[in-house]
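> Any chance you can model this:
(one chain, ligands or ions: 1)
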Amino acid sequence: MEKKNALENAREQLRLAGDYLEIEENILEYLNYPKQILTVNCPVKMDNGEIKMFRGYRILHSDVRGPGKGGVRYAPEVDMDEVTALAMWMTFKCALANLPLGGAKGGITCDPSTMSDNELERLTRRFTSAIIDVIGPNKDIPAPDMNTNEQTMAWIMDTYSMQVGTTTPSVVTGKPVEIGGSLGRSDATGLGVAFVLREFCKRRNLTLKDQKIIIQGFGNVGSSLAKNLADWDVKVIGISDITGGYFDKSGLDIREMLDYISVNKNLKNYNKNERITNKELLGHQCDFFCPCAVENQITEDNAESLQCKYIIEGANGPTTPKADIILRQRNIEAIPDILANAGGVICSYFEWVQDLAAIRWSLKRVNNELENIILESFDNVYRMQEERNISFRLAAYLIAVDRLAKAIRYRGFYP
Ligand code: NAD
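Coordinates of the predicted model:
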């Protein structure tokens, strides 16, 4: 049975790229470990007066190319290994997109679905004050991830600003535009995935409108990907969330599903199309399968049963290394997370730049620059995989790890 530890997967991906590039062992060892791990225990007063302890993490994997950047995740499964893996992937993602940022991630082990908004606010503020020494506009800049959103970022920004004594929008990205957020940020990851999917079709002479798409996950990334595809008249035939999925071979009504989700938190009682399980969703025939939920969804156990032609990874770490080998044997090509879902961090970078310079960009400028950067990365990866006849994932890691190794060599090992 394959182990599904995200950190082991991230390390294996690094190792594969390092071996291929014949990178010095000491540089690989350096990248194998996070620079800094902060674990905090946060006492939070619940609405019933009880004090509950929550464990949180902020992990800086690397700041060799710039300050740390990465989201904050609230989920019951959050643990140190998961947050470390996510921080490593951020390092590779920022390097691949050639952003002047390093990789970090944070998380709190909690079940936000059982908590009130007031409890979440108290937890977020307490967590922020507990990690305040390690975050900051030039140190490490948090952003939203699973189960955190604009409101969470506003609480972090406010708590940080109150403690340092000056309003500091550049301490987080993914904020509401009213307090220094960037136009386009909430849509950026899904839009980036859509740009990548469209470009892939162009390179392979596939007619975009003829493609049948299945999306796992209908949160920030999955819903925005679905919306952008629907805007381009591309058929999304399957969608799921944690409560299960829906299928319609003639295409789901995405706008109706988006309206439904804006009122109800999930798709549980949507009931307009054929209901299917997440397992069935993965095994359904389609052209593109887009995992946009959580890690470890495509594994050694189910990679043989996938019926798609291509995978575009919206989620972080949805495919395990063993599944990757099976997919390659089956000629199912996968566009990796560090390339496909980079739209979020690219737009976060724009938000940070706007906040530091105290200027505002138009939505058109944000989306144009996002398209330019993600397609440039795509082009680099596409050419590399073609030239060397390797997978898209290995090609993406080769570019990212090579850039990191060069930065480490130039900077040297202090002292
Ligand atoms: P989210 O919390 O907004 O949405 C997650 C979605 O996945 C929800 O619809 C949830 O119900 C569903 N889900 C959870 N577990 C599932 C399961 N086992 N099976 C099927 N569906 C399941 O989170 P998000 O921000 O959309 O992030 C999704 C993924 O994308 C994560 O891996 C995250 O790290 C990654 N990501 C997010 C961003 C971003 O900007 N939000 C950027 C890059 C990568």
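> all strands for the stretch 301-415 of the chain, in order.
Assigned by DSSP state E, counting those that start in this stretch, the strands in the stretch 301-415 of the chain fall at 310-312, 333-335.
> Between the ones you listed, which one is closest to the ligand.
Among those, strand 310-312 comes nearest to the ligand, with 12.0 Å by C-beta to the nearest ligand atom. Where C-beta positions appear, they are placed from N, C-alpha and C, glycine not excepted.
> now stretch 328-341, how far from the chain's geometric center?
Remark: stretch 328-341 is offset 15 Å from the chain centroid, using C-alpha atoms, centre = their mean, to the nearest Å.
> re earlier: which of the strands of the stretch 301-415 of the chain has the highest mean neighbour count?
Highest mean neighbour count of the strands of the stretch 301-415 of the chain: strand 310-312, a mean of 25 (counted as mean count of other C-beta atoms under 10 Å).
> returning to that earlier point: to Met46, which of the strands of the stretch 301-415 of the chain lies closest?
strand 310-312 (40.2 Å; C-beta to C-beta).
> Other residues contacting the closest one?
Residues from elsewhere that reach strand 310-312 (C-beta atoms under 8 Å, 6 or more residues apart in numbering): 193, 196-197, 200, 287-291, 298, 319, 327, 332-335, 340.
> Pick out the residue of this structure closest to the ligand.
Closest approach between the chain and the ligand, counting by C-beta to the nearest ligand atom: Gly219, at 1.7 Å.
> on that earlier part again, got a PyMOL select line for the buried ones in the contacts of strand 310-312?
PyMOL command restricting those to the buried ones, with burial defined by 16 or more other C-beta atoms under 10 Å:
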select buried, resi 193+196+197+200+287+288+289+290+291+298+319+327+332+333+334+335+340
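> Of all the residues in stretch 96-111, which ones are buried?
96-99, 101-110.
> Just the CA trace of that stretch, in PDB.
This file holds the C-alpha atoms of stretch 96-111, laid out as PDB (Å, rounded to 0.1, in the frame of the first residue of the first chain):
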ATOM      1  CA  LEU A  96       9.100  28.200 -11.600                       C
ATOM      2  CA  ALA A  97       7.100  31.400 -12.100                       C
ATOM      3  CA  ASN A  98      10.300  33.400 -11.600                       C
ATOM      4  CA  LEU A  99       8.800  35.500  -8.800                       C
ATOM      5  CA  PRO A 100      11.200  37.200  -6.300                       C
ATOM      6  CA  LEU A 101       9.600  35.200  -3.500                       C
ATOM      7  CA  GLY A 102      10.400  32.100  -1.400                       C
ATOM      8  CA  GLY A 103       8.100  29.400  -0.100                       C
ATOM      9  CA  ALA A 104       6.100  29.200   3.200                       C
ATOM     10  CA  LYS A 105       2.800  27.900   4.500                       C
ATOM     11  CA  GLY A 106       0.700  28.000   7.600                       C
ATOM     12  CA  GLY A 107      -2.100  26.100   9.000                       C
ATOM     13  CA  ILE A 108      -4.300  25.400  12.000                       C
ATOM     14  CA  THR A 109      -5.600  22.000  13.000                       C
ATOM     15  CA  CYS A 110      -9.300  22.800  13.400                       C
ATOM     16  CA  ASP A 111     -12.700  22.000  11.800                       C
END
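> what is the mean pLDDT for that stretch?
Mean pLDDT, computed over stretch 96-111, is 98.
> do the same with stretch 266-276
Averaging pLDDT along stretch 266-276 gives 94.
> Please apply the same query to stretch 282-297.
Averaging pLDDT along stretch 282-297 gives 96.
> can you tell if that stretch touches the ligand?
Yes. Applying C-beta under 6 Å from any ligand atom, one finds stretch 282-297 in contact with the ligand at 292-294.
> For those residues, which entry has the maximal number of neighbours?
Among those, Cys292 has the most neighbours (other C-beta atoms under 10 Å), with 30 neighbours.
> my read: that residue touches Gly219, true?
Yes. Between Cys292 and Gly219 there is a contact under C-beta atoms under 8 Å: 7.4 Å.
> coming back round to it: distance to the ligand and mean pLDDT added to the strands of the stretch 301-415 of the chain, as CSV?
Below are those laid out as CSV (distance: least, C-beta to the nearest ligand atom, whole Å; pLDDT from 0 to 100):
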stretch, distance to the ligand, mean pLDDT
strand 310-312, 12, 98
strand 333-335, 14, 98
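> would you turn these into JSON lines with distance to Ser362?
Below are the strands of the stretch 301-415 of the chain laid out as JSON lines (distance: least, C-beta to C-beta, whole Å):
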{"stretch": "strand 310-312", "distance to Ser362": "28"}
{"stretch": "strand 333-335", "distance to Ser362": "29"}
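> got the buried residues for the top helix by length along the chain?
In the chain, taking DSSP state H as the definition, the longest helix is helix 363-388. Of all the residues in helix 363-388, those buried under the rule 16+ other C-beta under 10 Å are 366-367, 369-371, 373-375, 377-378, 380-382, 384-385.
> Gly70 and Arg275: what is the separation?
35 Å (C-beta to C-beta, to the nearest Å).
> ok, Asn316 to Asn296 distance?
When distance is defined by C-beta to C-beta, Asn316 is 10 Å away from Asn296.
> which bits of the chain sit near the ligand?
Going by C-beta under 6 Å from any ligand atom, the residues of the chain near the ligand are 144-147, 189, 216-222, 240-242, 266, 278, 292-294, 314-316, 341, 344.
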